[in-house]
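Student: Please find the sequence and the predicted model below.
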Amino acid sequence: MSRLLLMALLAAISGCTLGPDYKPPVFQHNEQWHSESMIKSEGKQPAEGSLWWQQFNDPLLAGLITQTMQGNRDLAVALANIERAKGLRREVAAGYLPTLDAGGSASRSRYSRQTGFGANTGTRSTFSAALDASWELDLFGRTRRSVEAADAQIEGTQAARQALMLSLTAEVAVSYFELRGLQRQMQMTMRDIELLKEVEEIAQARAELGVASDMDQSQARGERENIEAGLPNLQAEITARIYRISVLTGQAPEFYAATLKQDRPLPVVTDRVPVGLRSQMLKRRPDVRQAERELAAATATIGVARANMFPSFSLTGSAGSSARVFTDLFTPATLTRSIGALLNWPLFAGGALSAGVDIAEADTQAALARYEQSVLLALEDAESALMRYASEWQTLKRLRAAEASRKHAYEIARLRYEAGQDTFLLMLDAERALITTRNNVVSSETRVLTTLAQLYKALGGAWQPA
């Protein structure tokens, strides 16, 4: 028996680990950004772990994002998934250690005097207690590969939580910027209504003097009422953004109604973007990291499937006591013990074991394809976000120039109408053009901020203010 134990231990020490050893895949791609020529890129690496939203100097936005990280229910689910993955890892790692079971029994039986013989007649009691141990040696790496897969799955769930955090911070920021943009639009609409009231008064005064018709006053009134008709929709959109932000933070929809209804200006940002290299972005992207860890877990399961085709070797042992009198338990005469070894080799399973290997290899090929697709999608996402941010800046600059030109044109048209040199319709057209351009400027300023938040998300979360 000593030689048997020695041989088993040597076999365990020299046991091989089946299946391929995982190596991170290498995906060939160009390091330079295709959209970089469209923006004023600083070309440096964004600061790792920096809080990108702090560049806006908006404590309320920072507080909302902090509250989202603490109270969002989807993040609570993601955290529970991590704890579950850790529990599964502890479960498979238990295969490294022996199992120990304790048991005991007590019985009292009465046997027939007619059919019983010798000691098997009358009434007798039996007491027993035992400790049973079993240890399966990991000769072919089944447990090692299972633990390797479980470790990768833990890291995959952690990456999934980071991806969710990245998405939530961007969504909170986008909703917040849209809210401020809508509030700014509301302010501009109120200013436009006041401007139209002034035009209406001018038309009324000219009509009273007999130098203009009542048609001018009616047109001015109709234009003002048309602008006023858009106010309820603006207010509804503002309220909807407040509801969305409140729910993202884990609160009831109306929780931040009083706080967020107070108007604040849109933050001012620069058009310089520190994007770094493509490879740096891919390392930061948690979705790419999650796909890579899923590939590692799938690769490890090949070893588990192959190990199932080979024999398993277990050492077993038992120690206990069995007596007819309870007080005799554990006395030398009642002690029992046993030790042995168990070999189990599935010689034929109808092809199920080899099919398991084929399934694991196919799952690994699928995981590799998903990883490569995640890299492509990350590159596409980042390139598109860069392009949208750069394009929106160009649009905003041109809209601001157009606003200045149309403001000047409106002032001229108004002076000429008051002097009787032009018709009311010409002045009204100039006013409409100015109002439209002003609204477009506000919308573009909002989109600059929302595309910036999307760019932060696409670059993987790291950001450094210029």
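Tutor: That came in fine, so what should we check first?
Student: Please make it C-alpha for all contacts and neighbour counts, starting now.
Tutor: Fine.
Student: ok, Val247 to Ser175 distance?
Tutor: Distance of Val247 to Ser175, computed by Cα to Cα, to the nearest Å: 11 Å.
Student: now the strands: where do they sit in the chain?
Tutor: Secondary structure of the chain by DSSP state E: the strands cover 40-41, 99-111, 122-137, 272-273, 312-323, 335-344.
Student: If you count neighbours, what's buried in the last one?
Tutor: Within strand 335-344, the residues that qualify as buried are 335, 341, counting by 16 or more other Cα atoms under 10 Å.
Student: shaky segments in this structure?
Tutor: Flagging of the chain using pLDDT under 70 yields the residue ranges 1-15, 35-50, 112-122, 211-212, 462-466.
Student: In space, not sequence, find me the middle residue of it.
Tutor: With distances taken as Cα atoms, centre = their mean, the residue of the chain nearest its centroid is Leu164 (1.7 Å).
Student: Burial check on Ser107, number of neighbours?
Tutor: With neighbours defined by other Cα atoms under 10 Å, the count for Ser107 comes to 10.
Student: beta partners of it?
Tutor: Under DSSP bridges, the beta-bridge partners of Ser107 are Thr126.
Student: returning to what we had before: identify whichever of the strands of the chain lies nearest to Val448.
Tutor: strand 272-273 (12.3 Å; Cα to Cα).
Student: in its sheet, what does the closest one sit against?
Tutor: Paired neighbours of strand 272-273 in the sheet (DSSP bridges): strand 40-41 (parallel).
Student: was I right about Asp151 contacting Arg89?
Tutor: Yes. Asp151 lies in contact with Arg89 (Cα atoms under 8 Å); the separation is 6.7 Å.
Student: now stretch 150-159, how far from the chain's geometric center?
Tutor: Put simply, stretch 150-159 sits 13 Å off its chain's centre (Cα atoms, centre = their mean, to the nearest Å).
Student: contacts for it?
Tutor: Residues outside stretch 150-159 that contact it (Cα atoms under 8 Å, 6 or more residues apart in numbering) are 78, 81-82, 85-86, 88-89, 92, 286-287, 289-291, 293-294, 296-297.
Student: Who are the contact partners of Val26?
Tutor: Applying Cα under 8 Å, 6+ apart, no residues contact Val26.
Student: So it versus Leu376, what's the distance?
Tutor: Taking Cα to Cα, one finds Val26 at 13 Å from Leu376.
Student: How about Trp135?
Tutor: Trp135 is 47 Å from Leu376, by Cα to Cα.
Student: The two: which is more packed in?
Tutor: More crowded of Trp135 and Leu376, by other Cα under 10 Å: Trp135, with 18 against 15.
Student: What separation is there between the closest residue to that one other than its chain neighbours and Gly303?
Tutor: For Trp135, ignoring the flanking residues on the chain, the nearest one in space by Cα to Cα, 6 or more residues apart in numbering is Pro98 at 4.2 Å. Using Cα to Cα, we find Pro98 at a distance of 22 Å from Gly303.
Student: cool, and Val357?
Tutor: Note on Val357: its distance to Gly303, by Cα to Cα, is 8 Å.
Student: So for the two, which residue has more residues nearby?
Tutor: Ranked by neighbour count (other Cα under 10 Å), Val357 and Gly303 place Gly303 first, with 27 against 21.
Student: correct me, but that one touches Tyr22?
Tutor: No. Taking contacts as Cα under 8 Å, Gly303 lies outside contact range of Tyr22: 10.5 Å.
Student: just to revisit the earlier point, okay, now the residue nearest to Trp135: neighbour count?
Tutor: 14.
Student: Quick one: residues contacting it.
Tutor: 133-136 are the contacts of Pro98 under Cα under 8 Å, 6+ apart.
Student: how about the nearest residue to Ile435, chain neighbours excluded?
Tutor: Ile435 sits nearest to Asp192 (Cα to Cα, 6+ apart), 6.7 Å away.
Student: If you could redo that for Pro311, that was the one I meant.
Tutor: Using Cα to Cα, 6+ apart, the closest residue to Pro311 is Trp345 (4.0 Å).
Student: how near is the one you found to Asn308?
Tutor: According to Cα to Cα, Trp345 stands 9 Å off from Asn308.
Student: neighbour count winner among these two?
Tutor: Using other Cα under 10 Å, the more surrounded residue of Trp345 and Asn308 is Asn308, with 19 against 11.
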